[in-house]
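*Asks:* fold the stuff below for me.
(one chain, ligands or ions: 1)
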Amino acid sequence: MLDPSDFIKESIEGIKKQIGDEKAIIALSGGVDSSVASVLVSEAIGDNLLAVFVDHGLLREGEAEYVKETFEPRLNFDCIDASDEFLKELEGVEDPEEKRKIIGEVFIKVFEREAEKEGAKFLVQGTIAPDWIESEGKIKSHHNVALPHGLVLELVEPIRELYKDEVRVVGSEMGLPDEIVNRQPFPGPGLAVRVVGKLTPEKIEICRKANAIVEEEVKKEGLDETLWQYFAVLTDTKVTGVKGDIRDFGYLVVLRMVESWDAMTANVPELPWEMIRTISARITAEVSEVTHVALSVSDKPPSTIEFA
Ligand code: XMP
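*Replies:* The predicted structure follows:
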């Protein structure tokens, strides 16, 4: 079993040796992996690490503010609002894989711009063991990555040997708040994979509001400690409802709540019925564009965790 303080000491020494007096950059998402990687490297090289948080306009409610409040006092931190750039490129795109591809490309473009401005020579990544074991099957550290516009950076992967539970232990030991350490995974493309069909600022906002209600009620019930992921999906389906005395034609939102170890498989556990009913009632009352809430009961496989 990993001794977190030994790991931290050795890792800081290794990072100092690898980076020396050069500058490094990391894309900090606020997820546990990139957060732990950021604080480890910043312990080693201080402000020579720039942690860049890219707001792609597809974040959850309050997310950018929370990440900023948490890391600005602790790191050389920069929040880039690139939402217009992302949403412009995503306009009219329906296919989920196409959305992912565009988001990935714009993300790298924005990030490369920052890395160039900073004069970074090293790219820090929060890669963990399951990320490479299956794809590569062998340890390959200290390699370079070439970004699309030609910038070549040497990779630093300080938590490459760790599994998620170990990353959480190291994060706690380094004083990261529980909210970060125990956070549910949130996909890089954000709400783009939870808004089915074409993305519009209006649909993203509906999904964001419904999702905030799900998160709030799940936390109230204490289920955030046992569920792997819990969120709202905005489908592209519109259904009839009644609001007051008037017939209304609004969106169908799906609640997705799963248990899992590693996201390879997942199951939908029994959920407290009162909580589900409260979430449904709140979403239809507080998000005026939604007329119907459904609960997903499909495991993975055959379904995936995300909807798009
Ligand atoms: P699926 O939907 O494939 O998701 O069952 C498995 C896990 O991966 C997350 N996920 C993503 N994460 N970029 C990410 O960074 C993506 O494009 C992406 N798609 C899915 C998902 O949230 C779940 O934890």
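*Asks:* all helices for the protein, in order.
*Replies:* Assigned by DSSP state H, the chain shows helices spanning 4-19, 32-45, 63-71, 83-90, 96-118, 129-136, 164-173, 178-181, 201-220, 273-286.
*Asks:* got a markdown table for those, with distance to Gly250, mean neighbour count and mean pLDDT too?
*Replies:* Where C-beta positions appear, they are placed from N, C-alpha and C, glycine not excepted. What follows is the helices of the chain, written out as a markdown table (distance: least, CB to CB, whole Å; neighbours: other CB atoms under 10 Å; pLDDT from 0 to 100):
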| stretch | distance to Gly250 | mean neighbour count | mean pLDDT |
| --- | --- | --- | --- |
| helix 4-19 | 49 | 15 | 97 |
| helix 32-45 | 36 | 24 | 98 |
| helix 63-71 | 25 | 17 | 97 |
| helix 83-90 | 23 | 16 | 98 |
| helix 96-118 | 23 | 16 | 97 |
| helix 129-136 | 39 | 12 | 78 |
| helix 164-173 | 38 | 19 | 95 |
| helix 178-181 | 32 | 15 | 94 |
| helix 201-220 | 9 | 19 | 98 |
| helix 273-286 | 8 | 16 | 98 |
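*Asks:* for the ligand, find the nearest of those.
*Replies:* With CB to the nearest ligand atom as the measure, helix 96-118 is the member of those nearest the ligand (4.7 Å).
*Asks:* run the angle between that closest one and helix 83-90 for me.
*Replies:* Per axes from the mean of the first three to the mean of the last three CA atoms, to 10 degrees, the angle that helix 96-118 makes with helix 83-90 is 140 degrees.
*Asks:* around the ligand, pick out the residues from the stretch 1-150 of the chain.
*Replies:* Residues of the stretch 1-150 of the chain lying close to the ligand by CB under 6 Å from any ligand atom are Arg100.
*Asks:* re earlier: and Ala146, which of the helices of the chain is closest to it?
*Replies:* Of all these, it is helix 96-118 that lies closest to Ala146, at 10.3 Å by CB to CB.
*Asks:* stretch 292-300: end-to-end distance?
*Replies:* Stretch 292-300 stretches 24 Å from its first residue to its last (CA to CA, to the nearest Å).
*Asks:* returning to that earlier point: just put the helices of the chain in JSON lines and tack on distance to Asp236.
*Replies:* JSON lines is the format used below for the helices of the chain (distance: least, CB to CB, whole Å):
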{"stretch": "helix 4-19", "distance to Asp236": "45"}
{"stretch": "helix 32-45", "distance to Asp236": "31"}
{"stretch": "helix 63-71", "distance to Asp236": "24"}
{"stretch": "helix 83-90", "distance to Asp236": "15"}
{"stretch": "helix 96-118", "distance to Asp236": "12"}
{"stretch": "helix 129-136", "distance to Asp236": "31"}
{"stretch": "helix 164-173", "distance to Asp236": "33"}
{"stretch": "helix 178-181", "distance to Asp236": "32"}
{"stretch": "helix 201-220", "distance to Asp236": "8"}
{"stretch": "helix 273-286", "distance to Asp236": "17"}
